[in-house]
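Enquirer: take a look and give me a structure for this.
(2 chains)
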2 protein chains.
Amino acid sequence: MRGDGLAGGEGGADRLAELIPVALRGMAAGVAERGGPVPAGGPAAVAAALVAEGGELGSAAGHRGFDPAPAASGALPRHGVGAEAALEELSRLLAAGSADPADPACAAHLHCPPLAVSVAADVVASALNPSMDSWDQAPVASELEREFTAGIARLCYPQADAPDAVVTTGGTESNLLGLLLARETGIVQAVCGANAHHSVARAAWLLGLPAPIVVPCEGDRLLPGALAEVVTPHTVVVATAGTTNTGTLDPLPEIAALCRRAGARLHVDAAYGGMALCSDALRPKLAGLDLADSVALDLHKFGWQPVAAGLFAAREAADLGALTVRAEYLNADDDTEAGLPDLLGRSVRTSRRPDAFRMAVTVRALGTDGLGALVERCCATAAEVATRVEEHPGLRLWGPPELSTVVLRPVVADETGDDELVARVRRALLEAGTAVIGRAALPTGPGGAPQLWLKLTLLHPGTTGDDYRPLLDRIAATAGAELVAGRESPVAS
Amino acid sequence: MRGDGLAGGEGGADRLAELIPVALRGMAAGVAERGGPVPAGGPAAVAAALVAEGGELGSAAGHRGFDPAPAASGALPRHGVGAEAALEELSRLLAAGSADPADPACAAHLHCPPLAVSVAADVVASALNPSMDSWDQAPVASELEREFTAGIARLCYPQADAPDAVVTTGGTESNLLGLLLARETGIVQAVCGANAHHSVARAAWLLGLPAPIVVPCEGDRLLPGALAEVVTPHTVVVATAGTTNTGTLDPLPEIAALCRRAGARLHVDAAYGGMALCSDALRPKLAGLDLADSVALDLHKFGWQPVAAGLFAAREAADLGALTVRAEYLNADDDTEAGLPDLLGRSVRTSRRPDAFRMAVTVRALGTDGLGALVERCCATAAEVATRVEEHPGLRLWGPPELSTVVLRPVVADETGDDELVARVRRALLEAGTAVIGRAALPTGPGGAPQLWLKLTLLHPGTTGDDYRPLLDRIAATAGAELVAGRESPVAS
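Expert: Next comes the predicted model:
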């Protein structure tokens, strides 16, 4: 038997110790090459650079003479260049061409810079490759997952009798589970705020349910009065604890009380805000979360995990019974009776990575207090940045941040009423390679019409407000430049 | 700004270079500690060892005196032990308590030993954390994914005008997409063989479709005659190219012709067998695959990727239009018009790991020829093992392997008619920590009644038939021992 190139077994750690430094060398070279938060030039330049570097998968071997018969256009290369060459080259290309969330000017999305401890832990998970669909593929990994998800369930539901949680690929899958479990109790429609994540409507579509009833918001917060008019025992309400646009939290206690009175089910999308539960100072913001039937939580946002690190918690473990499925080869009745845990009902997936492992290692390394302190830091930084926006002559603040999102608008856009200018500022910064900032359409225009805002989602746990001062100046200056450019060439995009 | 613990940015590679060796040291220690394919003692022993080691997440800090106020039972630890301690300890525990597919006696499932090159590449992906839901989170990663999936689409559909492919979490999600795309064309029910993966029925359930019509099989192969009776323009047929139980391939050309005549849609679950396309010798087995409307493919089976590495190919790129969704913050119309690629319609997920990166690095390193050679090796080994089973006095072969699955039964089970004995053999080997083998219920009993078989799914690319000789002897000997034990204590399980 030869196991030369394998990551597991007796020689696996040694082979990884040879190859990972090659990948890291490539990565460090690429980071230095980029020299900013994102490669300049936009999609066309990035694609062209890939081709110029020979990074095109199909043509690379041909370029370099490894493949005597270059593959047809678009085909995968027939001949390999070896592990070291492939790793060093493509790692450099990936790093040089990435939007790196470890750069504070990369602040568009709920896209965090991962902690090294989680990345290191994931190496072991990848090498041993536990697959979480049966105990005999994941003996201790399934135990560790059980421990970890029990801890998450307890974090969300400190007082519940029998809460439980499962690992997902993120808020989108967690919201799907929230609607699925509701559907399986006979519920026929979802209700959510206009502020809800698009995955709620998408989940309804996937599950064959009608489109959700959408309830109006004020200040990006669901209006309980409007909700009261539509909620019935046949609906599942989806509230949001930290919206994607502004980080605002819905009034959970009022919504929960309303759902209880109406006999409706309640799912809370706390993908963004949920990990504020780790902070004594911030936890009160999430009062009422434990009244929900289920909760979505993402540790690839606050939690500093690489994507994906989603969690779905249920107040009643029994509700997860809806996911039960039998497959003779994975969880035969007699195996389960003989004591082999049934893992198949822990997910809508079958094969699945032990993402709980790196989450568990991270929590073991930092503790929930340590993670809570990082959440606090991001929120404090957002408050500082908001103050600087208010003080800035060229910028206007949407409102005080509730979590770590700062929403702002160049004053010139207000003065000219030019919404398209706001979108151009974002694209200009991206194309220049100087910043990655987000956008949000909010109903702040005349008569509640949508108006475009810029968004900074601050997930870098090592920054202070001052780190964002140059970015704010750059946004204002770019808005001025775009205003001039727009006047000179009204059709420019 | 401080980025001490981050994996990205300027100091990221250095921090990873410190921490990953700690994790690998823990892993190597755990592998040595285990000393076999799987920890002995079964679930109770593994759970007990975890507690004894202080590996319990909730209690560990308390055990070790880091936490002055030990958390409530089941809670996550409030206080951390630091990155190095957490990594070394939990990596060792994970390795010691894993079923390691790099050990040839770990041969139950479609659970491959990953290649080190893929694991090393994934470190860079984790550290930079591109999220594949928008270009500004994944500039070059989205380009590389586009290149790679185009290559996969071309592999599946060499002659098609405009094939396309997307990345999934595995066959389960790919089969869901197969049914979803069919549903969106107005198709109302799936039809599959009794040999189909359980995820087909589960997908129908998720999507709100009726349960699939199940067509009988012979020799674990769908019977086209029976299919012809139920297929209509309102059905999507799901055929299997490599069943989970036996690795058998459905007669794709006949099924495709039948679907065409009936105006039905065809999805092929080639999660197991699809990568045989990389081998000139094996490719003929997949004749007809390119007549399917869509194909599921898993590179975490043949492909030697860590879970997950799923792919879904469509003959007509336009069919993937069913996944189109708009979210102002990710793919606003004006951003798309300005040239920013719309990635949101490439998945039913939102945030998503760049799993294509490690797949692309692997293909660049080995070439499709290199991967094809590994597939051939596994299939050749399975043929050798099958011969040894046939020659073994204590074992009976189900039939010649079509891919790399060897299905066998202890002769004593036939002699006694004791199916439960077959299940006990599997559990006894697992509990002893000497082997992880699979099971399959096949209709070989009197009158087509289900009969239990043992299954070896051979995905270790470095073995030959001789490496499995001790395992075969052990299976036969264990069957003998279980027969005696069963006679002595008829209620034993």
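Enquirer: when you work out contacts or count neighbours from here on, use the C-alpha atoms and nothing else.
Expert: Fine.
Enquirer: how about the strands in the stretch 251-400 of chain A?
Expert: A:265-269, A:294-298, A:310-314, A:395-397 (DSSP state E, counting those that start in this stretch).
Enquirer: out of those, which comes closest to residue A:144?
Expert: strand A:310-314 (14.7 Å; CA to CA).
Enquirer: relative to strand A:265-269, how tilted is the closest one?
Expert: Angle of strand A:310-314 versus strand A:265-269, following axes from the mean of the first three to the mean of the last three CA atoms, to 10 degrees, is 160 degrees.
Enquirer: how many degrees apart are strand A:310-314 and strand A:294-298 in direction?
Expert: Using the same axes, to 10 degrees: strand A:310-314 against strand A:294-298 is 160 degrees.
Enquirer: what strands flank strand A:310-314, and is each parallel or antiparallel?
Expert: Applying DSSP bridges, strand A:310-314 is found paired with strand A:164-168 (antiparallel), strand A:294-298 (antiparallel).
Enquirer: hey, which of these is tucked in deepest?
Expert: Comparing those by mean neighbour count (mean count of other CA atoms under 10 Å in any protein chain shown), strand A:294-298 ranks first with a mean of 31.
Enquirer: what pLDDT, on average, does that one get?
Expert: The average pLDDT within strand A:294-298 is 98.
Enquirer: give me the contacts around it.
Expert: A:156, A:170-171, A:174-175, A:178, A:266-275, A:289, A:309-315 (CA atoms under 8 Å, 6 or more residues apart in numbering or on different chains).
Enquirer: just checking, residue A:236 is part of a strand?
Expert: Yes. Under DSSP: H, G, I helix; E, B strand; the rest coil, residue A:236 falls within a strand.
Enquirer: what's across from it in the sheet?
Expert: residue A:190, residue A:265.
Enquirer: show me what contacts the closest residue to residue A:9 other than its chain neighbours?
Expert: In space, and not counting its chain neighbours, residue A:9 is closest to residue B:102: 4.9 Å by CA to CA, 6 or more residues apart in numbering or on different chains. With contact set as CA under 8 Å, 6+ apart, residue B:102 has these partners: A:3, A:6, A:7, A:8, A:9, B:112, B:113, B:114, B:460.
Enquirer: mind listing what residue A:363 touches?
Expert: So residue A:363 contacts A:371, B:76, B:77, B:80 (CA under 8 Å, 6+ apart).
Enquirer: state the pLDDT value of the closest residue to residue A:283 other than its chain neighbours.
Expert: Leaving out its chain neighbours, the residue that sits closest to residue A:283 by CA to CA, 6+ apart is residue A:277, at 4.7 Å. Looking at residue A:277, its pLDDT stands at 98.
Enquirer: burial measure for residue A:277, as a count.
Expert: A count of nearby residues for residue A:277, using other CA atoms under 10 Å in any protein chain shown, gives 22.
Enquirer: again, but for the one 10 residues further on
Expert: Burial of residue A:287 is recorded as 13 neighbouring residues (other CA under 10 Å).
Enquirer: what about it, distance to residue A:158?
Expert: Separation of residue A:287 from residue A:158 (CA to CA, to the nearest Å) stands at 12 Å.
Enquirer: show the contacting residues for the residue nearest to residue A:283.
Expert: When contacts are taken as CA under 8 Å, 6+ apart, residue A:277 is in contact with A:155, A:156, A:283, A:286, A:372.
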